[in-house]
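Peer 1: give me a model of this one.
(one chain, ligands or ions: 1)
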Amino acid sequence: MLDVFENLESEVRSYCRSWPTVFDRAEGSFIYDEEGRGYLDFFAGAGALNYGHNHPDLRRPLIEYLESGAVVHSLDMHTKAKRTFLELFRDLILEPRGLEYRVQFPGPTGANSVEAALKLARKVTGREHVISFTNAFHGMTLGALAVTGNSMKRGGAGVPLSHATPVPYDDYFDGETADFLWLERVLTDSGSGIEHPAAVIVETVQGEGGLNAARATWLRELRDLCTRHEMLLIVDDVQAGCGRTGTFFSFEEAGIVPDIVCLSKSVSGYGLPMALTLFRPELDIWEPGEHNGTFRGHNPAFVTGAAALERFWSDDVLSKEVIVKTQQLTEGLTVIADRCAGAQVRGRGLLIGIAFDDYSVASTVSSEAFERGLLVETSGPESEVVKLMPALTTDSDDLQRGIEILDEAVDTAVACTAVA
Ligand code: PMP
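Peer 2: Numbers count the residues shown, from 1 in each chain. This next block holds a predicted model:
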């Protein structure tokens, strides 16, 4: 059943190893394998499916668009689909939040958006150096990897990863050491050996790096520090954006305005590849075509992206629901974590999970959950965190069902590791 994957597909394949079945259909919060077995999907395409699988209000306009003979591929030429998306993004997302950003369509992946952001920051400032954070994850291309923490991923680069320095993320130490103590000091010390950085790149919640969530005060301090030291602030909202934490952008709660924002994953709303890099208009010093690519804005993704904005961001219903669902999930996870010594609930919004002291527990929980019909991933440098990222549209009964399956999976995993 898995022969062709195991014999033909590269060893680099990964998620399929955690969930060894062949998936076929999907609807809402469920994905079904070819045997017809349903799985409650608390992975949601690593955040690419915030509105669930195959949402009918997004699928309908997509099918109509494809059947109408409208243009599918157009590089970055003007199309009606792109115009509609841009107008809605301006009217429903940027203007109501008082954000004056230019919109760049880089290639369709999160890493493409990050590369564009880093390149632009370097071009604008004329500086090479970028500050990143411990346990950050920004993608697998060389520029993005240079600002990523994970040593296994970095090891795959094959060349030195340069022009970036990691500094401690929020709460990296003991909570006693003043935030930004080291960074503030080295930026003002001409003998520190740290070149003046072009930018600082940050995730408000570290989705891959262990669900560390920065406090709003820490983010505000970071914004202030960047302004004082004339460094551009890049927020990578590839995973935490598009409503995952309750607001469209994850930095809204902190009340900060980044200079550059990276978005991808759920921006098309339907799982179609699409990415945006947003920046203040003064930073838009690109020469035409200076940053290029064949798949910069894909019309089917504009169609579903526009439908998602209209459906979910014309009012605050979804945002309010995310707050209620976050509360439900947090309560459920807290009950589970309280039973396991050293376990801790981490994250923000519907990007939340449990970190275990014993690093082997989370992977066992993930496979036990799979056996019981629930997809959950692990996160963190040692894969020590069970990460829950249900679609924002998952109803409260299904959330409860997920918590119950997780509860059983944790009991089994903890018992297994205690025996081992
Ligand atoms: N930034 C963040 C915060 C991410 O979580 C990811 C992907 N997990 C990326 C960038 C890279 O996105 P992609 O895999 O689409 O290149």
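Peer 1: all contacts plus neighbour counts: C-alpha atoms, from now on.
Peer 2: Will do.
Peer 1: quick check: phi and psi at whichever residue of the stretch 101-250 of the chain sits closest to the ligand.
Peer 2: As assessed by CA to the nearest ligand atom, the ligand sits closest to Gly110 within the stretch 101-250 of the chain, at 3.3 Å. Per-residue torsions, Gly110: phi -60, psi -40 (degrees, to the nearest 10).
Peer 1: I figured it hits Ala275, correct?
Peer 2: Yes: between Gly110 and Ala275 there is a contact under CA atoms under 8 Å: 6.3 Å.
Peer 1: shared neighbours, the two?
Peer 2: 262-265 (CA atoms under 8 Å, 6 or more residues apart in numbering).
Peer 1: which ones among the residues you listed come in contact with the ligand?
Peer 2: Counting by CA under 6 Å from any ligand atom, nothing from those sits close to the ligand.
Peer 1: of Gly110 and Ala275, which one has the most company?
Peer 2: Ala275 (29 against 26; other CA atoms under 10 Å).
Peer 1: so who does the closest residue in space to the more buried one that isn't next to it in sequence touch?
Peer 2: Once flanking residues are discounted, Ala275 sits nearest to Ser264: 4.0 Å by CA to CA, 6 or more residues apart in numbering. Residues near Ser264 by CA under 8 Å, 6+ apart: 48, 108-110, 113, 237-239, 273-276.
Peer 1: do the same with Ala343
Peer 2: So Ala343 contacts 337, 354-357 (CA under 8 Å, 6+ apart).
Peer 1: how much space separates it from Gly69?
Peer 2: 54 Å (CA to CA, to the nearest Å).
Peer 1: could you list the contact residues of this structure toward the ligand?
Peer 2: 109-111, 137-139, 207-208, 236-239.
Peer 1: quick one: Leu233 and Glu203 touch, right?
Peer 2: No: taking contacts as CA under 8 Å, Leu233 lies outside contact range of Glu203: 10.8 Å.
Peer 1: those two: which has the busier surroundings?
Peer 2: Glu203 (29 against 24).
Peer 1: ok, that one to Pro108 distance?
Peer 2: 19 Å.
Peer 1: Leu49 now?
Peer 2: Leu49 is 15 Å from Pro108, by CA to CA.
Peer 1: one more: Gly207?
Peer 2: From Gly207 over to Pro108 (counting by CA to CA), the distance is 19 Å.
Peer 1: who's more crowded, these two?
Peer 2: Gly207 (28 against 24).
Peer 1: ok, now which ones touch that one?
Peer 2: 137, 239-240, 351, 379.
Peer 1: OK, contacts around Pro61?
Peer 2: When contacts are counted by CA under 8 Å, 6+ apart, Pro61 touches 303-304, 307.
Peer 1: can you do 7 Å?
Peer 2: By CA atoms under 7 Å, 6 or more residues apart in numbering, the contact list for Pro61 reads Val303.
Peer 1: surely it is within a helix?
Peer 2: Yes: Pro61 sits within a helix when classified using DSSP: H, G, I helix; E, B strand; the rest coil.
Peer 1: re the thing from before, can you lay out the residues of the chain next to the ligand as CSV showing pLDDT?
Peer 2: Below are the residues of the chain next to the ligand laid out as CSV (pLDDT from 0 to 100):
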residue, pLDDT
Thr109, 98
Gly110, 98
Ala111, 98
Phe137, 98
His138, 98
Gly139, 98
Gly207, 98
Glu208, 98
Asp236, 99
Asp237, 99
Val238, 98
Gln239, 98
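Peer 1: what about the residues you listed, which are in strands?
Peer 2: Members of the residues of the chain next to the ligand lying in strands (criterion: DSSP state E): Asp236.
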